[in-house]
Structure formats: C-alpha cells, structure tokens
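Colleague: Need coordinates for the following:
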Amino acid sequence: MQSYYYLLLDVFSFLIPFIYSFEKKRMHFIQHWKAYFTSIAVVGIFFILWDSYFAYQNVWAFNDQYLIGFRILKLPIEEWLFFLLIPYASIFIHYSLKYFFPNIELSAKVTKWITYLLFAVGLLLTVFNYDKMYTFVCIGLFTLLMLGQIIFQWKYAQRFYLSFVIIFIPFYFVNSALTGSYSDLPVVSYDNTQNLGIRMGTIPVEDSFYCFALLYSITLLFEYLKTKKLFKSSHEN
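Modeller: Numbering: from 1, shown residues only. Next up, the predicted model:
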C-alpha cells in the first residue's frame, strides 16, 4: 500500500472537484472541458520538461518507496498525473469562488501595486540567487509572469490573487505530504544547494512561486481559449 502513496494523493486531491464539475444546477464546470484540459496540457508540457530536466540534474529526486515504479523521462507516472490532476482541482477552486462570490475582487489599482511589489521581490531574489538553479528558474519564471502582468494588465489577476490565498491552503497540505510532513521519508527530496534553504514546514519556499506560475499561466490560457469558437461549449453556442 505504501507504494501507492503518491498516486492516491493525486487521485483524492482531484476526485471531489472533478465530481462537482458535473453538477448542472450551478457551475456545470465540465462544459468548459475542451479549453480547460487543453490549457492544462499545454502549460503542463512546459512544466513537465522543466521537471524532467531538474530530475536529470539531481535538483530533486523521487523516493521509490512511495511510487508504483513506472517512470518516463526520469519522472514517476505519479508526477505526470500531478500536472493534470492537481491543477484541475486547484483552478476549480478559483472558479468556484468566482461563481459563488462574484463581487469579491481587488480593485485594478490595488492589483497593480501588488503586482509591482511581487515583481520587485521576484526580481531581487532571482538576480541575487542566479547560482541556485531551482531558485533562479522558479522565481525567475514567476518574475517574468509578473512583468507580463504589468505590461498587459490582465484583469484576471484581480480575482486570482485572492483565490491563490485559498488555493494555497490545500496545496500546502498536499505538498507537505510529498516533502515528508506525514511520512517517514519525503516522496520528493531537494538538493538544498540549489534553493534558498527556506522552508514553510517541509516545503521549499520556491514551491509557492512554482505553484503560482503554473496555475496563473493555466488560467490565462484557459480564459483566452474560452473565447475561441473551437473551444466554446454547446451550451454557450
């Protein structure tokens, strides 16, 4: 049973949001499945390749004790599923909050200043830690995303910044389960010479930037694809 630890973590994180996606009286979120899964797949490919490269460079490693044993590009199948199932569950939370609390969002001005602050923090951490691969790539990508937000002023940030605070709560517990909070050994171990060495519990602080970059990128692509005829649901048509 121990070898199914990571797999079960993926499945149970995804299961409830997926079941509620079919609920027709309210959100009926599954109507957007084409745009949603396309967004997850496109962004996920980039992150999977990054993930694989880090595995080959021993920036992180996976403990076979908690895996079923099948790997592709040095990544366990559970890690591949992570990039499909966890984003689905996480962004479902964002759109649930949008549906049930439509009037709660940041003003454009507050969003802009938060973005400037996040960009400045990200830039400083990236520049002064260029020699730490995990820090440089994770926070560097986050910083580029914030630069894009400054330039294009995507309106979705007004909700997503608030949603991410809520999303991070289950993400924290899932990631804690992977980094050793609830098991004898971590499922994922890190080379601490390649990160800041700052932990939130057992989670490297870089993981929060990683999570934001992954989920906000999916959200931006999803919102774009929803406007395209090919990806509109029959209900919208």
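Colleague: can you count the residues close to Lys155?
Modeller: Lys155: 12 surrounding residues under other CB atoms under 10 Å. Every C-beta, even on glycine, is put in place using the N, C-alpha and C of the backbone.
Colleague: any idea what it is structurally, helix, strand or coil?
Modeller: In three-state terms, and counting by DSSP: H, G, I helix; E, B strand; the rest coil, Lys155 is coil.
Colleague: which stretches of the protein form helices?
Modeller: 5-20, 33-56, 77-100, 108-127, 133-152, 157-178, 206-226 (DSSP state H).
Colleague: Which among those is found nearest to Gln194?
Modeller: helix 133-152 (4.5 Å; CB to CB).
Colleague: now that closest one: how far from the chain's centre is it?
Modeller: In terms of CA atoms, centre = their mean, to the nearest Å, the centre of helix 133-152 is found 14 Å from the chain centre.
Colleague: Show me which residues of that helix are buried.
Modeller: For helix 133-152, the neighbour count (16 or more other CB atoms under 10 Å) marks 133-143, 145-146, 148-149 as buried.
Colleague: what angle do it and helix 33-56 make?
Modeller: Taking axes from the mean of the first three to the mean of the last three CA atoms, to 10 degrees, one finds helix 133-152 and helix 33-56 inclined to each other by 150 degrees.
Colleague: Next, work out how far apart the residue nearest to Gly180 when sequence neighbours are not counted and Ser176 are.
Modeller: Distance criterion CB to CB, 6 or more residues apart in numbering; nearest residue to Gly180, sequence neighbours excluded, is Pro186 at 3.4 Å. Per CB to CB, to the nearest Å, Pro186 is found 10 Å from Ser176.
Colleague: Over to Gly44?
Modeller: 22 Å.
Colleague: Comparing the two, which residue is more hemmed in?
Modeller: Regarding Gly44 and Ser176, a neighbour count based on other CB under 10 Å identifies Gly44 as having more, with 20 against 17.
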